[in-house]
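> Structure for this input, please:
(chains A and B)
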2 protein chains.
Amino acid sequence: MASGADRLCEALLAHGVDTCFANPGTSEMHFVAALDRRLEMRCILGLSEGVVTGAADGYARMAGKPAATLLHCGPGLANGIANLHNARRAHTPIINVVGDHASYHLRNDPPLAMDIEGLARPVSTFVRRIEGPGAIEAAVAEGYAAAVGRRGVATLVLPGDAAWNEAPPASWAIGRPPPAAMPDERTIAAAADALRSGRRCVVLLGGPALRAKALEHASRIARATGASLMAEPSNGRIERRPEHAPLERMPYALDEVVARFRDVDVLIVAGAQRPTAFFAYPGKPTFLHDPGALLVELCGVADELEGGLEALAEAVAGAGKGEAVPPGRRALAGDASFDGLLNEAAISHIVAELLPENAIVVDESITCCRGFFALSDRSVPHDYLQLTGGAIGIGIPLSAGAAVASPGRKVITLQADGSAMYTTQGLWTQAREQLDVVTILLSNRAYAILEGEMQRVGAAPARRNARRMLRLDDPGIDWVSMARAHGVDGRRATTVAAFRSAFADALSRPGPVLIEAVL
Amino acid sequence: MASGADRLCEALLAHGVDTCFANPGTSEMHFVAALDRRLEMRCILGLSEGVVTGAADGYARMAGKPAATLLHCGPGLANGIANLHNARRAHTPIINVVGDHASYHLRNDPPLAMDIEGLARPVSTFVRRIEGPGAIEAAVAEGYAAAVGRRGVATLVLPGDAAWNEAPPASWAIGRPPPAAMPDERTIAAAADALRSGRRCVVLLGGPALRAKALEHASRIARATGASLMAEPSNGRIERRPEHAPLERMPYALDEVVARFRDVDVLIVAGAQRPTAFFAYPGKPTFLHDPGALLVELCGVADELEGGLEALAEAVAGAGKGEAVPPGRRALAGDASFDGLLNEAAISHIVAELLPENAIVVDESITCCRGFFALSDRSVPHDYLQLTGGAIGIGIPLSAGAAVASPGRKVITLQADGSAMYTTQGLWTQAREQLDVVTILLSNRAYAILEGEMQRVGAAPARRNARRMLRLDDPGIDWVSMARAHGVDGRRATTVAAFRSAFADALSRPGPVLIEAVL
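Numbering: from 1, shown residues only, chains lettered A, B, ... in the order given. I've put the predicted structure just below:
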């Protein structure tokens, strides 16, 4: 006899979903037992749900297919919501399985009962409470199609009795997302006309437009027309290749964005949001491009971005206004400040310089290492993954998931300390799964971004209450002990030389390793 | 000029809310600046929001008045929801302040935008988006009245522009909860009749019925009638006094509860839920008392419990069926197993034996130390705080909040390792605020409760996938390093003698201290 939980397992595997990031509880025991009968499903434990969902995000960004999660009731889902929010903003497909009480017990309001659908909706593209074992296959098929087709989180709520009751014979229903839509010809023609007009153009790319093939087409556009390529400030995954045209990244700081767009006449948007302030400030704009600029939306994030960019590249081929960009690695300039005490610029330089081919860089450096992206533009081919939704605490789990999906590739995490503190538990998953991750823990002992914002508010110098909410230095966090606590090898670097040596050593052997970079 | 944020600060202080557990972000900078101008508000940073909300819960349980929180947008709220759920189940008042984008920026869907109200509703008694600075005082007054009157979480969403714009003159509106309702006389008479009937009676107490004065009245009832007093399985705060009648606690395990109630003819419920299964199991009941028993609901949790119990005590005075319970400390029996390697029974005995007067015991021991409650029934006066909503990860933050509210009192945390891993960050808050907390970290390196549940499912012995989801031993967590990482003094005990010595030493000096009890 197959239980509903067995059927759920089979249905996930039938869709190619063979990795499950999990933190189960009592109501999921039948699902755990079913997973235990299907060892072709790889189950990976996270010791808090932010680790589970962040890892599922990192996995799917690299594997190109969704993982499943396994979360325990409303509170388990709640703990995972922040990184599901980031996944949503990264356009990452996830099959988010949340166990719940048996259907007939919910009305008794036992202690763990919560409104799971209410919690799930703000981060989900698809929410379905599974009514019984017979509803499981359709739920997985429709959820899978929604997650992959709409690039988002499909939440399946699995009541205990739907898991433990007997399932009817399998129908082997498979969900297939609809084909992505191509931009229409008039839009392509309008974009091509604008690109050929001689006006200053930026092509703003997001989502799948930042994958290697799409960037090849975008590079042809840039080289043919002289347009600049720009990525959004936060991106799920950029496949960076030295043969691509240069790709700048929109700055985070509002005034810098406004300054950058002041001279831009044409903005072509592909898979991206138009330039939008991360936060509003009194008296400042919230859309950041020149109000007089021509805005052409080529494709939305769920559209056929690679095809759309290819068509546009064909349309502007031979415009002949671009400049060839020399491929190959850029030599990094020496810098006198690279002697002595460690600093952010030195870390950015050293990581860009020593970056191994096909590395995966996970960037949750926040205020630190802002130079790294530009410095590594002509570096070896690598993937670059960011915090996308502003919900800090993703770097350590995202790295774990990316490493699970990418055996044989080095993962390097640029990790701010304040953000790291949300999901330190992910270090344990890195240790347990022996993942090849080098975490560069940027220890500046402050919410430095907020210290900057306090100055903008005009409230600096801060007194006791503000200092107590923005500084992390009393006591300082001992990151080498933190790594050790979670079973990860840790070391500390306070000088540039020590950091270079520790990083080179970490690259030379399998991870996980954490380097506390004292700033 | 006073900003909206200044007005919010003032309004909180006017309601006696002078402690703010916080994890702010950019959208809350004007509120941080306002807090910085009002140093009579004590601001305490948590390095993840589960710490913030768990500490606010612990504070209010002990202080008898709510704290404020300060959370950052939807993701910050999301991270705090699990412990807000526990607070809701503990009937704890909290003023839960969540910052958000400026009102006019939300429609632009910037990266951090989320449906905050949607996330807040499942855990809140009251949700209000503050429309502008002029709406702040009413929101605080009504939120305060709802939080205190309905014993729950009042969520106030504070958009950036409501915080930074100028506030109108203060009205000094103060919210007052309506008086709690007394049980009607017929209900009291019915309960008194049942108690005097000679049938076997249990008085099941929850919420404020477990405070010292209410328990005095309940003890009079027990002594006059021979009824047994029982607390719910999970309770926000029990004020335990050796002069009270014995108070048993309803077991967690379903079969034990059913067995306990098999011979109970009358169940009088005061501030408690009738006996309900924590989880449903195939073929088992979900209400656990004898279906033929007489059930009398004396008072709901928001009713006048102390007065209701007093009235009932008056009504049954002189029934003369009870037995006197000798006050004073019970001698603890020696046990041969208390030599050699450390075990749960020894920890329960030693903590009960060495418990300092007026200690606060925070119990998130889950499967460990289940004997402690009975062993400490005749111990010195102390308060006993539990995980209430089944959302694990509350012990460390709850202890921090309880300690903030209770200077001069020792806090002792019985903390399971799997649960601790959700909010280890709370150790840092304990260190920063130099809180007098002794954490007994019960390291059994497993989700032991789930191992038991797996056996009930009939799926044991577990194979690889189940073991990988239920065992925490590969690698083991090094709790002494964990403590050190967060600035807390840590030590390890593997024998009974070493534990007794470490615990006695920890009691003799101010905390925080963590003792890794290796089981």
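> CA only for contacts and neighbour counts going forward, please
Noted.
> quick one: contacts of stretch A:370-387?
Residues outside stretch A:370-387 that contact it (CA atoms under 8 Å, 6 or more residues apart in numbering or on different chains): A:86, A:234-242, A:246-249, A:327-330, A:332, A:345, A:348-349, A:351-353, A:355-364, A:394-395.
> For that stretch, list the C-alpha coordinates in CSV.
Provided in CSV are the C-alpha atoms of stretch A:370-387 (Å, rounded to 0.1, in the frame of the first residue of the first chain):
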residue,chain,number,x,y,z
ARG,A,370,31.4,46.8,-3.1
GLY,A,371,34.5,47.0,-5.4
PHE,A,372,34.5,43.3,-6.0
PHE,A,373,31.9,43.2,-8.8
ALA,A,374,33.8,45.7,-11.0
LEU,A,375,37.2,44.2,-10.2
SER,A,376,36.1,40.8,-11.3
ASP,A,377,34.4,41.9,-14.5
ARG,A,378,37.3,40.5,-16.7
SER,A,379,38.1,37.6,-14.3
VAL,A,380,37.8,33.9,-15.1
PRO,A,381,34.3,32.6,-15.8
HIS,A,382,32.3,32.4,-12.7
ASP,A,383,28.7,32.6,-11.4
TYR,A,384,27.7,35.5,-9.1
LEU,A,385,24.7,35.1,-6.7
GLN,A,386,23.3,37.8,-4.6
LEU,A,387,20.9,38.6,-1.8
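> Show me where the stretch 251-400 of chain A has its helices.
In the stretch 251-400 of chain A, the helices defined using DSSP state H, counting those that start in this stretch lie at A:254-261, A:305-316, A:344-354, A:372-375, A:395-405.
> Can you give the contact residues for the first one?
For helix A:254-261, the surrounding residues in contact (CA under 8 Å, 6+ apart) are A:250-251, A:277-278, A:288-290.
> any idea of the mean pLDDT in it?
Taken as a whole, helix A:254-261 has an average pLDDT of 95.
> Now do the same contact list for residue A:62.
Residues in contact with residue A:62, defined by CA under 8 Å, 6+ apart, are A:402, A:405-406.
> Residue A:43: which of those is nearest?
Each of those was scored against residue A:43 by CA to CA, and residue A:405 proved nearest at 12.9 Å.
> quick one on the thing from earlier: which two of the contacts of helix A:254-261 have the greatest separation?
Across those (CA to CA), the longest gap, 16.9 Å, separates A:278 and A:290.
> Please pick the buried ones from the contacts of stretch A:370-387.
Among the contacts of stretch A:370-387, the ones that count as buried by 16 or more other CA atoms under 10 Å in any protein chain shown are A:86, A:234-242, A:246-249, A:329-330, A:345, A:348-349, A:351-353, A:355-356, A:358-364, A:394-395.
> quick one: residue A:23 and residue A:155, what's the gap?
Plainly put, residue A:23 is 15 Å away from residue A:155 if you go by CA to CA, to the nearest Å.
> out of the two, which sits in the more crowded spot?
Higher neighbour count among residue A:23 and residue A:155: residue A:155, with 30 against 25, using other CA atoms under 10 Å in any protein chain shown.
> Could you point out the bridge partners of that one in the sheet?
As for beta bridges, residue A:155 partners with residue A:96, residue A:127 under DSSP bridges.
> can you pull the pLDDT of whichever residue of the stretch 251-400 of chain A sits closest to chain B?
Nearest residue of the stretch 251-400 of chain A to chain B, counting by CA to the nearest CA: residue A:389, 4.9 Å away. As predicted, residue A:389 sits at a pLDDT of 96.
> In chain A, which helix is the longest?
Longest helix of chain A, by residue count under DSSP state H: helix A:73-89.
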